[in-house]
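1. Sequence first, then the predicted structure:
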Amino acid sequence: MTVAMSRGRRVGRILLPLLLLAVGAGGAVLLILARPAVEARAGGERIWAVRVVTVEPQRRQPEIRRFGRIVAGRRVPLGMRVGGRVIWVAPELIEGGRVRAGEPLLRLDPFDYEIALREARAAVAEARARLGELEAELAAARDLESLVAEQVAVARREVDRQERLRGRNIATEKALDAARLELALRRVSLRENRRRQRTLEQRIAQQEAVVRRLEAAAERARRDLAATELVAPFDAIVGEVDIGPGRQLGPKERIATLYELAGLEIAFTLTDRQFARLWPAGLPGREVTALWRNSAGSFVLTGEISRLASDIDPASGGVELRARITADPDAAPLRPGAFLEVVIPDLVYENVVALPRSALYEGERVYVVENGRLQPRQVEPVGRDGERVLVRGALAAGDRVVVSRLVEIGPGLRVRIVS
C-alpha cells in the first residue's frame, strides 16, 4: 500500500508540468485563431519639416573683428649725458606721468660743471693772448724786413761805387773790402729776419690750433653744464621710473622710459588667410575702428593701417599690423598695453547671398523649395560675414533656401516649410 502511494506521487509530479504546458499551448493557439483580421495599409510618402530663408542677392562688405592692443611706436630710454648728484626731480617724472616737450624733468648739482666751464674759458683767453703776442712779433718782423732790405740795397750801391773808384785807382782795396763786408752782413740780417718770420708763422698756426682745441673744450664744458638739466624731448607718457633726489647718477644711466604720445599705435594680428585676401586689395591706408573698454567707460578710436610689424612671429599664427591713431574723439587716456577690440572692413562683394553654414551641403550645394519639393543649386562660397557664408551661384531673388540639416536630403524630397 505504501509502495503504491509513493509510486503514484512520483508519476503525479512528472505528469503535472506536462499537463500545464499542454494547457498553455492550447490557450495560445485559441487566442491566435480568435484574433480579428487586420488589413495591410499601403505606405505613404514622408513629408520633411524644414526651415528656409528667402534670399536677396546684394552688395555686402563684411567686418573682420580681431583683438589688439595699444603699443608705443617710439619707446626711448631716458638718461643723463653727464653724471652727478640729483638735486631736483619734476613731479611729472613718475610712473604713468605725462610730460610735454621742453619741460624740465630733472636737475643735477651744477657746481663742478660751472667750475670746469670757467677754467676752460680762462684757458681760451690765455691761449688767445699768446696768439696775439706771436702775431705782433710777426708784424714787427715783417716791418723790419723792409728796413733790412733797404740797407742791403744801400750796401750794394756802396760796393758798386767802391769798385768803380778802385778801377780808377782813386779808392783803396781796404775801402772796397769794407763795403763788401757791410753788404754781406746786411744780407745775413735779411735772411735771419725771413727765417724768424717763417718760425713765427708756424708758431702762430700751432697757437691757433691750441685756441681751437681749448674753445672746443670750453664748448664741451658749456654743454656739460647745460646737460645737468634734463628736458622732455617730446610729449610722452613716463614709465619704468628709477630716480629720486639725492641719488648719485652716472652718465647714460637709465632713469625712466618715455612712450611718445604721438607715436601710440594700434597693434593687431590678421590670420594668414585674412592677410592673403586683403593684401592684394591694399592694406596700408585701410581704416580701422578700435574699442577700448575699462572701468572708466568705453572709448572709440579710429586708425589707419600704416605698416607691418618689424618681424613675424610664427607662434602667433598670423601677421601683425600697426595702425596709427587718427582720432580719439572721447580723449581716452591712452596707455601702452591697453586691450582693444579692432574692426577692419573686409573686401566688398557684389551680388552675393549670405547664408548660414547649415544651408551648404558638400560645401558647394544648397537646396531650394519649389512646389513643395527640393531642388539643388550649385553655389560658390566667396567669403564670410561673421557666422554667415557669402555665396554666388544659381540663386535668384525670392528663392527659399533650406537651412535645416537633413540626413536624407536629395532632389525631389517632399518638404513642409515651418519657418
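-> It's in.

2. Every contact and neighbour count from this point should use C-alpha atoms.
-> Will do.

3. out of all of them, which helix in this protein is the longest?
-> helix 111-167 (DSSP state H).

4. Does that one pack against any helices or strands, and if so which?
-> helix 173-226 (3 or more C-alpha pairs under 8 Å, 6 or more residues apart in numbering; DSSP states H and E).

5. Let me see the mean pLDDT of the helix it packs on.
-> If you average the pLDDT over helix 173-226, you get 90.

6. helices or strands next to whichever helix or strand comes after that helix in the packing?
-> With elements assigned by DSSP states H and E, the helix or strand that comes after helix 173-226 is strand 229-231. Applying 3+ C-alpha pairs under 8 Å, 6+ apart, one finds that strand 229-231 contacts strand 104-108.

7. Show residues contacting the strand it packs on.
-> 83-90, 92-93, 228-232 (C-alpha atoms under 8 Å, 6 or more residues apart in numbering).

8. So what's the gap between it and the chain middle?
-> 29 Å (C-alpha atoms, centre = their mean, to the nearest Å).

9. What count of nearby residues applies to the residue nearest to Leu225 when sequence neighbours are not counted?
-> Residue nearest to Leu225 in three dimensions, not counting chain neighbours: Tyr113, with 5.1 Å by C-alpha to C-alpha, 6 or more residues apart in numbering. Per other C-alpha atoms under 10 Å, the neighbour tally for Tyr113 reads 21.

10. Could you point out which residue ranges in this protein have low pLDDT?
-> Scanning the chain for pLDDT under 70 picks out 1-44, 171, 313, 316, 419.

11. and the residue nearest the centre of it, what is it in contact with?
-> In the chain, the residue lying closest to the centroid (C-alpha atoms, centre = their mean) is Gly73, at 4.8 Å. Residues counted as contacts of Gly73 (C-alpha under 8 Å, 6+ apart) are 259-260, 263-265.

12. Quick check: the gap between it and Arg254.
-> 20 Å (C-alpha to C-alpha, to the nearest Å).

13. out of the contacts of strand 104-108, who has the most neighbours?
-> In terms of neighbours by other C-alpha under 10 Å, the contacts of strand 104-108 top out with Leu93 at 24 neighbours.

14. that's a helix at that residue, yeah?
-> No: Leu93: not assigned to a helix; according to DSSP: H, G, I helix; E, B strand; the rest coil it is coil.

15. Val238 is in contact with that one, correct?
-> Yes: between Leu93 and Val238 there is a contact at 6.6 Å, judged by C-alpha atoms under 8 Å.

16. circling back: would you mind measuring from the residue nearest to Leu225 to Ala218?
-> Distance from Tyr113 to Ala218, by C-alpha to C-alpha: 11 Å.

17. go on, Val154?
-> Applying C-alpha to C-alpha to Val154 and Ala218 gives a distance of 52 Å.

18. With neighbour numbers in mind, choose between those two.
-> Ala218 (21 against 15).

19. Distance of the nearest residue in space to that one that is not next to it in sequence relative to Pro356?
-> Leaving out its chain neighbours, the residue that sits closest to Ala218 by C-alpha to C-alpha, 6+ apart is Ala120, at 4.7 Å. Ala120 sits 82 Å away from Pro356, going by C-alpha to C-alpha.

20. and if you look at Val407?
-> Counting by C-alpha to C-alpha, the gap from Val407 to Pro356 is 17 Å.

21. Those two: which has the busier surroundings?
-> Higher neighbour count among Val407 and Pro356: Pro356, with 16 against 6, using other C-alpha under 10 Å.

22. could you redo the contacts of Gly73 as CSV and give each row distance to Ala175, neighbour count and secondary structure?
-> Converted to CSV, those look like this (distance: C-alpha to C-alpha, whole Å; neighbours: other C-alpha atoms under 10 Å; DSSP: H, G, I helix; E, B strand; the rest coil):
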residue, distance to Ala175, neighbour count, secondary structure
Tyr259, 95, 24, strand
Glu260, 94, 22, strand
Gly263, 96, 15, coil
Leu264, 99, 22, strand
Glu265, 101, 25, strand
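
23. Leu270 pairs with what?
-> Val319 (DSSP bridges).

24. neighbours around it, how many?
-> Count around Leu270 with other C-alpha under 10 Å applied: 20.

25. Quick check: Ala217 touching Ala120?
-> Yes: counting by C-alpha under 8 Å, Ala217 touches Ala120, with 6.4 Å between them.

26. Need the max-distance pair from the contacts of Gly73.
-> Pairwise distances among those were taken by C-alpha to C-alpha; the largest, 10.9 Å, belongs to Tyr259 and Glu265.

27. quick one: common contacting residues for those two?
-> Residues touching both Tyr259 and Glu265 by C-alpha under 8 Å, 6+ apart: 72-73.

28. circling back: list the residues that contact the residue nearest to Ala218.
-> Contacts for Ala120 (C-alpha under 8 Å, 6+ apart) come out as 214-215, 217-218, 221.

29. want to throw those residues into CSV with distance to Phe67?
-> Below are these laid out as CSV (distance: C-alpha to C-alpha, whole Å):
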residue, distance to Phe67
Leu214, 59
Glu215, 58
Ala217, 55
Ala218, 55
Ala221, 52
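
30. Next, the contact list for Arg118, please.
-> Contacts of Arg118 (C-alpha under 8 Å, 6+ apart): none.

31. Now do the contacts for Asp399.
-> Contacts of Asp399 (C-alpha under 8 Å, 6+ apart): 54-56, 368-369.

32. next one: Val148
-> 186, 189-190.

33. how does it look with 10 Å?
-> Each residue near Val148 by C-alpha atoms under 10 Å, 6 or more residues apart in numbering is listed here: 154, 186-191, 193.

34. With distance to Asp160 added, can I get those in JSON lines?
-> As requested, those are exported to JSON lines (distance: C-alpha to C-alpha, whole Å):
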{"residue": "Val154", "distance to Asp160": "10"}
{"residue": "Arg186", "distance to Asp160": "15"}
{"residue": "Arg187", "distance to Asp160": "16"}
{"residue": "Val188", "distance to Asp160": "19"}
{"residue": "Ser189", "distance to Asp160": "20"}
{"residue": "Leu190", "distance to Asp160": "20"}
{"residue": "Arg191", "distance to Asp160": "22"}
{"residue": "Asn193", "distance to Asp160": "25"}
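
35. Just the buried subset of the residues you listed, please.
-> 186-187, 189-190, 193 (16 or more other C-alpha atoms under 10 Å).

36. In JSON lines, list these along with distance to Glu320.
-> Below are the buried ones among the contacts of Val148 laid out as JSON lines (distance: C-alpha to C-alpha, whole Å):
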{"residue": "Arg186", "distance to Glu320": "89"}
{"residue": "Arg187", "distance to Glu320": "87"}
{"residue": "Ser189", "distance to Glu320": "85"}
{"residue": "Leu190", "distance to Glu320": "83"}
{"residue": "Asn193", "distance to Glu320": "79"}
